[in-house]
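Asks: Pasted the sequence and its predicted model underneath.
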Amino acid sequence: MKCRRCGARAVAHLRHHNLALCEECYSPWLQRRVRETIKRFHLFDRKAKILVAVSGGKDSLALWMILTKLGYEADGLYIDLGIDTEKYSQRSLQYSRAMAERLERTLHVITLQETIGKTIPELPAARGTCSVCGLVKRHYMNTWAIEHGYDVTVTGHNLDDEAATLLSNVLNWQLGYLERQAPCLDEREGFIRKAKPLVLCTEKEMLIYCMLNNIEYIQDECPYSVNATSIFYKEILNRIEHEIPGAKLRFYSEFIKVKHGIFKGFRKERLTPCKICKTPTTGEICAFCKICIAPPKPQHSIRETSRASSGPVRAKIEKSGRNSISSKNMEIKTGSKKEV
Ligand code: AMP
Ligand code: FES
Ligand code: ZN
């Protein structure tokens, strides 16, 4: 098969675009596609100070390289989650550092063990490890970028990730999540602007880009995501894509086109600053602080509270539980803000 652009031998055949490209033409084509995505969704402007959340995986490392090649000022942020299994976090950090050196850009590193004194596997995971991990990552991508004067945080979510999330949100009719699913979330009080410049690029396209540009990345899946439903949804979407090329892209991009009309007038939850970290939240204390900063309430207190019938006993228990937790948290937070 020949390259559609120059007639040389094609190395990539993209059925969903009905396009074949050679080694020379492929990378400029993908870079242009990212540039067009940035323009089309008004993700950020030329002068924006960008923080790329890099995981050591192919998408975020390639994104960092593409943005740099396109002439953007982009630094990296790696969150060391302390996942020990086969040195997952350590190896991911090494790949991220290698890219920082190659691009001659700064890589900031936050180490959970040093900021909150715990690693991801050590945190209570009632909602599942991946869910807690996502929460922690979102927290730092937001607060860290704000505290260090960045204009926007970008992540390497690709089309396969977004289509799988969309499928999950539709299957469960998660209207709140659907309303927020977008290539870009604007900056607002307490939240940095967040953008996903790879939303129109498939996993396969990113993989080819990494191969052609000699990008080394962590190839293992995170040990905690082995049974994640998102992997199952991706497989289903790939089967559909195999039969109907372009279905994945249409599924996502048509949703983005119509969603504004669907959610017009949709009532958003009222948010107030978290009492500990100030990030806007629906309750008094945000989910991050509840899990990572606040120690769990003593079990016996909870049992006794529900049994207690007399006023004074109840008041005493509540005071030694919740109130003392809040003031302790403030101290922990102050000490945990530093860049590592
Ligand atoms: P995931 O949640 O693993 O699917 O990753 C989605 C995106 O989140 C990646 O493309 C990165 O941009 C970002 N990300 C994931 N893990 C980390 C991490 N440990 N540190 C910084 N950014 C991350
Ligand atoms: Fe967070 Fe896997 S990367 S649990
Ligand atoms: Zn908080």
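Replies: Arrived safely, thanks for sending. Ligands and ions are numbered 1, 2, ... in the order given.

Asks: mind listing the strands for the stretch 1-150 of the chain?
Replies: 10-14, 19-22, 49-53, 73-80, 107-111 (DSSP state E, counting those that start in this stretch).

Asks: tell me the most buried of those strands?
Replies: Of the strands of the stretch 1-150 of the chain, the one with the most neighbours on average (mean count of other CB atoms under 10 Å) is strand 49-53, at a mean of 23. Just so you know, the C-beta spots here come from the backbone N, C-alpha and C atoms, and that holds for glycine as well.

Asks: and that one, which strands flank it?
Replies: Strand 49-53 has the following strand partners under DSSP bridges: strand 73-80 (parallel), strand 152-154 (parallel).

Asks: Of those, which is nearest ligand 1?
Replies: Among these, the nearest to ligand 1 by CB to the nearest ligand atom is strand 73-80 (3.6 Å).

Asks: then the closest one to PDB, C-alphas only?
Replies: Extracted in PDB, the C-alpha atoms of strand 73-80 (Å, rounded to 0.1, in the frame of the first residue of the first chain):
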ATOM      1  CA  GLU A  73       5.600  25.800  26.500                       C
ATOM      2  CA  ALA A  74       4.800  22.600  28.300                       C
ATOM      3  CA  ASP A  75       6.200  21.200  31.600                       C
ATOM      4  CA  GLY A  76       5.400  17.800  33.000                       C
ATOM      5  CA  LEU A  77       3.900  16.600  36.300                       C
ATOM      6  CA  TYR A  78       4.400  13.100  37.500                       C
ATOM      7  CA  ILE A  79       2.500  11.800  40.500                       C
ATOM      8  CA  ASP A  80       4.400   9.000  42.200                       C
END
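
Asks: what is the orientation angle of that strand with strand 107-111?
Replies: Orientation check (axes from the mean of the first three to the mean of the last three CA atoms, to 10 degrees): strand 73-80 against strand 107-111 gives 20 degrees.

Asks: Give the rounded mean pLDDT of strand 73-80.
Replies: The average pLDDT for strand 73-80 rounds to 98.

Asks: Would you mind listing what in this protein touches ligand 3?
Replies: Neighbours of ligand 3 within the chain, by CB under 5 Å from the ion: 274, 276, 277, 286, 289.

Asks: if we go to 6 Å?
Replies: Residues of the chain lying close to ligand 3 (CB under 6 Å from the ion) are 274, 276, 277, 279, 285, 286, 288, 289.

Asks: ok, which pair from these is furthest apart?
Replies: 279 and 285 (10.0 Å; CB to CB).

Asks: How about residues contacting the host helix or strand of residue 235?
Replies: Using DSSP states H and E, residue 235 sits within helix 229-243. Helix 229-243 is contacted from outside by 16, 160-161, 163-165, 167-168, 203, 221, 225, 247-248, 251, using CB atoms under 8 Å, 6 or more residues apart in numbering.

Asks: can you rerun that using 10 Å?
Replies: Identification of contacts with helix 229-243 by CB atoms under 10 Å, 6 or more residues apart in numbering yields 15-16, 130, 159-161, 163-168, 171, 202-204, 221, 225, 228, 247-249, 251-252.

Asks: So which of those residues belong to strands?
Replies: Among the contacts of helix 229-243, DSSP state E puts none in strands.

Asks: which of the residues in stretch 251-267 are buried?
Replies: Across stretch 251-267, burial judged by 16 or more other CB atoms under 10 Å covers 251, 252, 253, 255, 256, 259.

Asks: I'd like the C-alpha coordinates of it written as CSV, please.
Replies: What follows is stretch 251-267, C-alpha atoms only, in CSV (Å, rounded to 0.1, in the frame of the first residue of the first chain):
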residue,chain,number,x,y,z
PHE,A,251,-19.9,8.0,18.8
TYR,A,252,-17.7,10.4,20.6
SER,A,253,-17.5,13.4,18.3
GLU,A,254,-21.3,13.4,17.6
PHE,A,255,-21.9,13.4,21.4
ILE,A,256,-19.7,16.4,21.8
LYS,A,257,-21.6,18.2,19.0
VAL,A,258,-25.1,17.5,20.5
LYS,A,259,-24.4,17.6,24.2
HIS,A,260,-24.7,21.4,24.5
GLY,A,261,-28.3,21.2,23.4
ILE,A,262,-29.0,18.2,25.6
PHE,A,263,-27.7,19.7,28.8
LYS,A,264,-29.0,23.2,28.2
GLY,A,265,-30.5,24.3,31.6
PHE,A,266,-29.0,21.3,33.4
ARG,A,267,-28.7,22.2,37.0
